[in-house]
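Visitor: this one's structure only:
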């Protein structure tokens, strides 16, 4: 009986240890880098995302897009993603943004401030008016709280926010990312670029065959 009792205790202790190990394995560990560069580990996310950067235990950054949304909201976002097209000093844009934020709607924001942005907006919406909202394939021009609310309700977005407290929408980005050519750093580079442009502007001499079949020298 004594041997059976000892064996039972060892078995029970083993079960407890296995359960504890499983719990630790399932627990998310945050590696937090503070503003002073100090690294700490915690089972809780950083309290202020603007002052600390969280990564997983393996060192991979944990961004807002990796914060788990409630299941029902995640399903809605995957089927009807929301995008807001806005401009600077646009009062209706601010009102629309506040409506989305108050309802806890995850959305991407595209700013329109350059000629390239305006051209892209014209292709997307058919107009140059702002704000412009898309909910899935639905396009909504201008801001009307009643209209936006109607379409958000139809898409089954919650009427009150169910977002995690530490969720933040990604920062607004220009609608078109334009890469401007950099100025040449030296006079030699500037001269080389000028020579290249001059060579490109000179018409190519027609070949004898081309001259015989195209005496007018028309280029296509």
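Guide: That came through, no problem. Keep in mind that what you see is a predicted model, and the values were worked out from it rather than measured.
Visitor: mind listing the helices for the chain?
Guide: Assigned by DSSP state H, the helices in the chain fall at 2-26, 71-79, 91-103, 115-125, 145-154, 187-201, 208-213.
Visitor: elements contacting the fourth one?
Guide: In this structure, helix 115-125 packs against strand 82-86, strand 132-135, with contacts taken as 3 or more CB pairs under 8 Å, 6 or more residues apart in numbering; DSSP states H and E. Glycine gets a C-beta too; all of them are placed from N, C-alpha and C.
Visitor: can you rerun that using 10 Å?
Guide: strand 82-86, strand 107-111, strand 132-135, strand 138-141, strand 173-174 (3 or more CB pairs under 10 Å, 6 or more residues apart in numbering; DSSP states H and E).
Visitor: Could you do the fifth one as well?
Guide: Helix 145-154 makes packing contacts with strand 82-86, helix 91-103, strand 132-135, strand 138-141 when contacts are defined by 3+ CB pairs under 10 Å, 6+ apart.
Visitor: mind listing what residue 131 touches?
Guide: 84-87, 90-97, 109, 112, 140-143, 148 (CB atoms under 10 Å, 6 or more residues apart in numbering).
Visitor: Repeat that for residue 73.
Guide: So residue 73 contacts 104-106, 156-158, 161-163 (CB under 10 Å, 6+ apart).
Visitor: distance of the residue lying closest to residue 155 once chain neighbours are set aside from residue 93?
Guide: Among residues not flanking residue 155 along the chain, residue 80 sits closest, at 4.2 Å (CB to CB, 6 or more residues apart in numbering). The gap separating residue 80 from residue 93 is 21 Å, by CB to CB, to the nearest Å.
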